[in-house]
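S.K.: this is a predicted model, with the sequence first.
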Amino acid sequence: MVIDYFKLLRTLLSTITLHSKNQASSAAFLNIRLMFSILHISDLHRSPADAIDSESLVAALAADLDRYMRGTPHVPQPIAIVISGDLIEGAAIGASNWKQSIREQYQVTEDLLDRLCALFLSGNKKHMIVTPGNHDVCWNTAYKAMSRLTKSQYPSDVYASLTQTDSRYRWSWHDQKLYKIMNMSLYEERMNFYWEFVESFYSGVDLQFPLERGRGFQLFDLYERSVLIAAFDSINGNDCYNHAGSIAQASIGNCAMELRNISHDYELKVGLWHHSIQGPPLRSDYMDSSQVQEMIAHGFRLGLHGHQHVAGTLTQHVHLDERKEMAVVGAGSLCAGVGQLPRGQNRQYNLIVIEDEFDRARVHVREMGDGGQFTGKRSGAFLDGYAEVSWSP
């Protein structure tokens, strides 16, 4: 049995009566350096041509848990699991039995997450955090809400109409036709399958912040209310013809106001979303980094995302009264098949080790290799198996 000495130490600290607001400050008073880790996984969609079964995947993750907890530098057992979108593969437009297929895929995902919750979190779903990705958008529902326009119905400036904020126009390169969303209420239902899954998964769980459909963000807190995670929906306007990532305009501001009203002083605020914030010039399936800069301006200092199927780190900043920084960490895909992975990349996941000063972290990337087992990625920015990131306090 692997003993998590840091978990034991946190338990000991919680029994000490000190005039401090939380465990982190108790540790500082005693000059004890603590750390905790978050398991960051993403892109759980499984390619039918190269699917991985949940039993093999969970066994590999369990074996890797034993490896990294004995390794140097130390990685403590995760206190939370964060999933940055794409929980399923989805169904193509016009696919037979597409509703049944989507529900079956979410059942597979729920089974996987239940197993991971039991393995890492002793079954505590309060510390398992999900947000949707583009694969969670139901293309069939979105398509049914649209109509193909005739040339006589085209607006005078097609490009301007397509690129205006919250445009209802969509261009299909496949058939080189213009479409328009005619039924917005039906269009909004394209996330219903995702929400059926989420509400089933968290049924009976006493969450600190209740879930709310259509709000654009969900809130979770960790580590004795020292860490706040805001899970943003980056699928605003995303569908079968619009692949760009976007957080609804008001979501970040509304989230900031809700946190202001809570009046709780979090040591670290983390933003979670799905889409990457950069990509090749001819691609459009990433998110505008200005939305990340808005998060920074509201005090978020660590950002987590997926989508690009390769792990990475970068720093975003804004200048207010002084330079404010956010470390942005992308996770590779845990389940994608070989045809969906970038050249030279394998299945991956992240372990983010955060120290109690709440201003730095180690990002350990674990990559699947021989025998379907995970070990530390040792290429690119992760030559030592991890990369160090930091942000303004």
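M.R.: Received, thanks.

S.K.: tell me the confidence at Lys377?
M.R.: Note for Lys377: predicted pLDDT of 94.

S.K.: that one: neighbour count?
M.R.: 26 (other C-beta atoms under 10 Å). Backbone N, C-alpha and C define where each C-beta goes, glycine included.

S.K.: off-centre distance for stretch 123-143?
M.R.: With C-alpha atoms, centre = their mean, to the nearest Å as the basis, stretch 123-143 stands 10 Å off its chain's centre.

S.K.: the residue most central in space within the chain: what's it in contact with?
M.R.: In the chain, the centroid-proximal residue (C-alpha atoms, centre = their mean) is Ser84; its distance is 1.6 Å. With contact set as C-beta atoms under 8 Å, 6 or more residues apart in numbering, Ser84 has these partners: 40-43, 131, 133, 272-274, 304-307, 331.

S.K.: same question, Tyr194
M.R.: Leu87, Tyr106, Pro132, Asp136, Val137.

S.K.: pull up the gap between the second one and Pro132, please.
M.R.: From Tyr106 across to Pro132, the span is 12 Å (C-beta to C-beta, to the nearest Å).

S.K.: need the max-distance pair from the contacts of Tyr194.
M.R.: Farthest-apart pair in these is Tyr106 and Val137; separation 13.3 Å (C-beta to C-beta).

S.K.: end-to-end on stretch 166-173?
M.R.: Terminal residues of stretch 166-173 are spaced 20 Å apart (C-alpha to C-alpha, to the nearest Å).

S.K.: buried residues in that stretch?
M.R.: Arg168, Tyr169, Arg170, Trp171 (16 or more other C-beta atoms under 10 Å).

S.K.: next, the last one: secondary structure please.
M.R.: Spelled out, that is Trp171. strand (DSSP: H, G, I helix; E, B strand; the rest coil).

S.K.: how close does it sit to Asn350?
M.R.: 35 Å.

S.K.: tell me where the stretch 1-150 of the chain has helices.
M.R.: 5-14, 23-29, 54-70, 98-121, 139-144 (DSSP state H, counting those that start in this stretch).

S.K.: TSV please, covering these and showing distance to Asn261, mean neighbour count and mean pLDDT.
M.R.: Putting the helices of the stretch 1-150 of the chain into TSV (distance: least, C-beta to C-beta, whole Å; neighbours: other C-beta atoms under 10 Å; pLDDT from 0 to 100) gives the following:
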stretch	distance to Asn261	mean neighbour count	mean pLDDT
helix 5-14	28	14	54
helix 23-29	24	18	51
helix 54-70	38	16	95
helix 98-121	29	17	97
helix 139-144	34	20	98
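
S.K.: nearest to Asp265, of the ones you listed?
M.R.: Nearest to Asp265, of those and by C-beta to C-beta, is helix 23-29 at 11.2 Å.
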